[in-house]
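S.K.: Dropping a prediction and its sequence here:
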Amino acid sequence: MPDRMVLLNPGPVNISERVRKALATPDMCHREEEFYRLQAAVRAKLLQVFGLDPKEYASVLFTASGTAAVEACVSRFVSPAGTLLVVSNGVYGERICDIARRYGTKVLEVKCDYTSRPNLETIARALREEPRIEAIAAVHHETTTGLINPIREIGEIARDRKVPLFVDAISGLAGEELHFVEANVAACAGTANKCIQGLPGICFVIIRRSEIERMAKIPARNVYLDLVNQFRKQEANDTPFTPAVQVMSAFNEALTELLEETVPARIERYRFYSRILREGYARLGLKTLLPPDLLSNTITSLRLPEEVKYEPVHDFLKARGFIIYAGQGQLRSAVFRIANMGVLKEEELRAFLAALEEAIRSLRAS
C-alpha cells in the first residue's frame, strides 16, 4: 500500500501537516477555560471566513458527521402544524425529506431529475398554493452528481414569500460560491472535513440569530441535536455534552488556514484542480454525467465506459494510491465520482489520470 493515499472522494479529504499536528493537542478537559476559548475561536472564525456579522449570525457546533447538522435544523425548522418544502434532485435532498418525515413533519417535495436543476416556477407556485409552508430546504452542492443548485434564486423566492431558507451546504462550503446574505440563507449546515479541510467529527450550523429565536418557539424533538439548547450553552461558554476536543483543535487550525488562503482563493484552487482533471477525462474519452454548465468545482460524475465495472477500477487505483467514489442511488451502476477537494498537488492529479488510463485499458483488455 502506498505511503500516501490521494483521496479523490468527496470527504474526508487530504489535510495539511499543520492540521494534522493540531490534532495532537495536549490533553484537555472540556469543562475548563482553555476548551471554552477554543470553542469560541472556532465559532468566531466560521463567521469571519464567510464574512458574516456576528450580531446577525451565529455558528453552532456539534460533535458528529455533517448529517447531524442537517437533522438539527430540519427537526425544528417548522412547527408541528406547518409544512417543509424540500427541493430534491439527489440523494441528499431525499435525505432531508426522510429526516423531516421521521420527525412527523409534513413535507412537500419539489422533485426533479438527478441531472437537472429545479424549476423555479414550480417552487414559487407551490408556495402560492400551499399556505402552510413555513420554510424551504435545499441542497447547495448535490454530492450525488456534483450539481450546483440555484440557491440565490431559491432564496429570492423564499424572501418574496417571507419564509426562511435552510441550505445543506456540507460539500459546498468554501469550495463553491455561496453568498449568505444575497441568497437569503437563514440557516446552513456544514462540516469540518470537506472543503474546509479539517477532519471528520465536527459539524456546524451557521444561522441567523433571529431564526434561533423563531425556532425556540417550536417544541424540541430531540436531545443531543437540540440546536437551540446547543446554541444557548455555547453562547454562555459551556457545552451540554462532551465534544471531540482534539478534532476541534484541528478544525480551528483548518479555519486559520482558510482565513489565510481566503474562500475565493480556495474556490479558484479547486477550479484549477477540476480543469486539469476534466481536460484529462476528455483526452481519455470519458463522458461526464452533467453538461458543463451544471458542473461544480469539486466533484465530477463520470459515466462508466462500456464493459468496465466500478469495483475493478476502484481496486486498481487504490493499489496505486488513489481513492475514488462509487455512484449513489439510482446512478450506482452507471457512474463513478472523482472529487478534487482537500490538499492535493498538481503532479498527483496528473499521476492519477495516467493510472486511470492504465486501469481502463487493462480492464477492457481482460
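M.R.: Perfect, thanks for sending it.
S.K.: could you say what helices and strands the helix or strand A187 falls within packs with?
M.R.: Assigned by DSSP states H and E, A187 belongs to strand 185-191. Packing contacts for strand 185-191, counted by 3 or more CB pairs under 8 Å, 6 or more residues apart in numbering; DSSP states H and E, involve helix 66-74, helix 151-161, strand 165-168, strand 202-208. From N, CA and C alone the C-beta is placed, and that goes for glycine too.
S.K.: And the shortest one, how far out from the chain middle?
M.R.: It refers to strand 165-168. In terms of CA atoms, centre = their mean, to the nearest Å, the centre of strand 165-168 is set 11 Å apart from its chain centre.
S.K.: same thing with the last one?
M.R.: Distance of strand 202-208 from the chain centroid (CA atoms, centre = their mean) equals 12 Å.
S.K.: ditto for the longest one
M.R.: Distance, stretch centre to chain centre, for helix 151-161: 20 Å (CA atoms, centre = their mean).
S.K.: Now it: buried residues?
M.R.: Counting neighbours by 16 or more other CB atoms under 10 Å, one finds that the buried residues in helix 151-161 are I151, I154, G155, E156, I157, A158, R161.
S.K.: Now do that helix against strand 185-191, angle only.
M.R.: 140 degrees (axes from the mean of the first three to the mean of the last three CA atoms, to 10 degrees).
S.K.: most residues in a single helix of this protein, which one?
M.R.: helix 263-284 (DSSP state H).
S.K.: contacts for it?
M.R.: 49-50, 174-177, 195, 258, 261, 288, 295-298, 300, 302, 338, 340-341, 344, 346, 349-350, 352-353, 356-357, 360 (CB atoms under 8 Å, 6 or more residues apart in numbering).
S.K.: what comes up buried for it?
M.R.: Going by neighbour count (16+ other CB under 10 Å), the buried part of helix 263-284 is V263, R266, I267, R269, Y270, Y273, S274, L277, R278, G280, Y281.
S.K.: sorry, back to before: pick the one among the buried residues of helix 151-161 closest to L84.
M.R.: For these, the residue nearest L84 by CB to CB is A158; the value is 12.1 Å.
S.K.: For that closest one, which residues are in contact?
M.R.: A158 makes contact with I136, P164, L165, N184, A186, according to CB under 8 Å, 6+ apart.
S.K.: What distance do you get for it to Q246?
M.R.: As for A158, its distance to Q246 is 38 Å (criterion: CB to CB, to the nearest Å).
S.K.: before we move on, what about L178?
M.R.: 29 Å.
S.K.: now do V78
M.R.: 36 Å.
S.K.: Which one's more surrounded, the two?
M.R.: V78 (26 against 17; other CB atoms under 10 Å).
S.K.: and the residue lying closest to the more buried one once chain neighbours are set aside, what helix or strand is that in?
M.R.: Spatially, and ignoring its direct neighbours in sequence, V78 is nearest to E134 (4.2 Å; CB to CB, 6 or more residues apart in numbering). Using DSSP H and E, E134 sits within strand 133-139.
S.K.: average pLDDT across that strand?
M.R.: Regarding strand 133-139, the rounded mean pLDDT is 98.
S.K.: so what does that strand touch, helix or strand wise?
M.R.: Under the contact definition 3+ CB pairs under 8 Å, 6+ apart, strand 133-139 sits against strand 83-88, helix 91-102, helix 120-129, helix 151-161, strand 165-168.
S.K.: who are the neighbours in contact with M5?
M.R.: K318, G321, F322, I323.
S.K.: Could you list which residues are in contact with L317?
M.R.: I323, I324, F352, A355, L356, A359.
S.K.: how close does the fifth one sit to N229?
M.R.: As judged by CB to CB, L356 and N229 stand 48 Å apart.
S.K.: more crowded one of the two?
M.R.: Neighbours per residue (other CB under 10 Å) separate L356 from N229, with L356 holding more: 24 against 16.
S.K.: got the buried residues for the helix or strand in which that one is found?
M.R.: For L356, the host element (DSSP H and E) is helix 346-365. Using 16+ other CB under 10 Å as the test for burial, helix 346-365 gives E348, L349, F352, L353, A355, L356, A359, I360.
S.K.: With L295 as the reference, measure out to M215.
M.R.: Using CB to CB, M215 is found at 35 Å from L295.
S.K.: And the two? Which one has more around it.
M.R.: Comparing M215 with L295 by other CB under 10 Å, the one with more neighbours is M215, at 24 against 19.
S.K.: Give me the nearest residue to the more buried one, chain neighbours excluded.
M.R.: Nearest residue to M215, sequence neighbours excluded (CB to CB, 6+ apart): R76, at 5.0 Å.
S.K.: what's the domain layout of this protein?
M.R.: 6-13+262-365, 17-260 (automatic domain parsing).
S.K.: Let me know which of those domains is tucked in deepest.
M.R.: Mean neighbours per residue, mean count of other CB atoms under 10 Å, is largest over the domains of the chain for domain 17-260, with a mean of 19.
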